[in-house]
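Asker: sequence? don't have it. structure:
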Ligand SMILES: Nc1ncnc2c1ncn2[C@@H]1O[C@H](COP(=O)(O)OP(=O)(O)OP(=O)(O)O)[C@@H](O)[C@H]1O
Ligand SMILES: [Mg+2]
C-alpha cells in the first residue's frame with residue numbers, strides 16, 4: 001500500500017458528498033451566500049424539484065472578474081483571512097467549500113456584477129472543470145445557476161426523491177432562512193410557477209403572518225431581549241389552534257409546516273452577527 005495525495009477534483013467530490021446531500025442543500029448554500037453578500041432580494045427558481053435547475057438570483061455585493069476566477073476553487077473565501085478571524089465569524093459561510101463542492105457534482109454558471117463596475121462577468125464549471133471568466137451583461141448582484149445536479153454521481157442521483165418531496169425539503173430550508181431574515185424579500189418559483197413571494201417584512205412577527213397566516217401570527221406571543229449583547233426574540237404559541245387555520249395557512253403558501261405536528265409552537269430568532 002503506498003500513500004499518495006488525492007487530486008483536487010476527488011477532494012472536492014468527497015467534500016460535496018458531505019455538504020451536498022440533495023437539492024435543498026444546494027439551495028441552502030446559495031441562499032446563505034446571497035445573505036452573506038448583503039442581498040435585499042433573493043429569487044430562487046427551480047426546475048423539477050431542483051434536479052434539473054436551481055437558480056438563485058440576488059442583488060448583493062456581487063463579484064468582479066478576479067473573484068469569479070476563484071469563487072469555484074476549493075478553500076477560496078472572502079470571509080476569513082487569518083486564523084484569528086475564526087474566532088469572530090460574522091457570516092453564514094467561511095469554509096470556502098460550498099461552490100467548489102456544488103461545481104464538482106453539477107454544471108454551474110455564475111453571472112455577476114459589482115455595484116461599481118459597468119460590466120458583468122460569467123464563469124462556468126462543468127463536473128469540476130472550470131472555464132474562462134468572460135465579460136457579459138449583468139445586473140448588479142449575482143446569479144448562480146446549477147443544472148444537472150449529481151449527473152456524475154449516480155448513487156446520489158438514484159436516491160433523489162420525487163420533485164414534490166425534494167420541493168418539500170427546499171421549502172423547509174427556505175422557510176427557515178426567510179424566518180431568520182424577515183427584512184429580505186424572498187421569491188420562490190418552481191417550474192416557472194410562483195410558490196411564494198415574501199416582500200420585506202417589518203420584523204419576525206410580520207413574517208410569521210406572511211408564512212402561516214394572520215390567525216397563527218396573532219396567536220404567537222413575542223418575548224424579546226434587545227440589549228446590545230443579547231438580541232434574541234422568541235415567539236411562542238399562546239393556545240392550541242383549530243385545525244382549519246393551519247390547513248388554510250399551509251395551502252395558501254403551498255408550504256410544509258415548520259414542524260410536523262402542526263403550526264409552529266415556537267420560533268426563536270438569534271441574529272447572526
Ligand atoms: N451570491 C454571492 N454574491 C457575492 N459573492 C459571492 C456569492 N456567492 C459566493 N460568493 C463569493 O464566493 C466565495 C466562495 O463561496 P462559497 O460558498 O464556496 O464559500 P464561503 O461562503 O466563503 O464558505 P462556505 O463553504 O462555508 O459556504 C465567497 O466567500 C464569496 O466571496
Ligand atoms: Mg458559502
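Answerer: Received the coordinates, thanks. Being a predicted model, the structure only gives us computed values, none of them experimental. Numbering: from 1, shown residues only. Ligands and ions are numbered 1, 2, ... in the order given.

Asker: I'd like to know how many residues surround whatever residue of the stretch 1-150 of the chain ends up closest to ligand 1.
Answerer: Closest approach between the stretch 1-150 of the chain and ligand 1, counting by C-beta to the nearest ligand atom: residue 93, at 2.5 Å. The way it works is simple: take the backbone N, C-alpha and C, and place the C-beta from them, glycine included. Residues lying near residue 93 (other C-beta atoms under 10 Å) number 18.

Asker: dump the residue contacts of it.
Answerer: Listed by C-beta atoms under 8 Å, 6 or more residues apart in numbering, the contact set of residue 93 reads 29, 32, 33, 36, 77, 79.

Asker: In strands, which of the residues you listed fall?
Answerer: The strands in this structure, assigned by DSSP state E, contain none of the contacts of residue 93.

Asker: And those residues, which is closest to residue 180?
Answerer: residue 32 (10.3 Å; C-beta to C-beta).

Asker: Near ligand 1, which residues of the stretch 101-250 of the chain? Just list them.
Answerer: Residues of the stretch 101-250 of the chain lying near ligand 1 by C-beta under 6 Å from any ligand atom: residue 142.

Asker: now the helices for the stretch 101-250 of the chain?
Answerer: 154-158, 163-180, 204-212, 214-218, 243-253 (DSSP state H, counting those that start in this stretch).

Asker: now those in TSV, with mean neighbour count?
Answerer: Compiled in TSV, the helices of the stretch 101-250 of the chain are given as follows (neighbours: other C-beta atoms under 10 Å):
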stretch	mean neighbour count
helix 154-158	11
helix 163-180	19
helix 204-212	22
helix 214-218	16
helix 243-253	15
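
Asker: and residue 60, how many residues sit next to it?
Answerer: By other C-beta under 10 Å, the residues close to residue 60 number 21.

Asker: Which pLDDT value belongs to it?
Answerer: Listed pLDDT for residue 60 reads 98.

Asker: okay but it is in contact with residue 141, surely?
Answerer: Yes. Using C-beta atoms under 8 Å, residue 60 is in contact with residue 141, at 5.4 Å.

Asker: Distance to residue 105 added to the helices of the stretch 101-250 of the chain, as CSV?
Answerer: Output for the helices of the stretch 101-250 of the chain, formatted as CSV (distance: least, C-beta to C-beta, whole Å):
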stretch, distance to residue 105
helix 154-158, 7
helix 163-180, 15
helix 204-212, 31
helix 214-218, 38
helix 243-253, 30
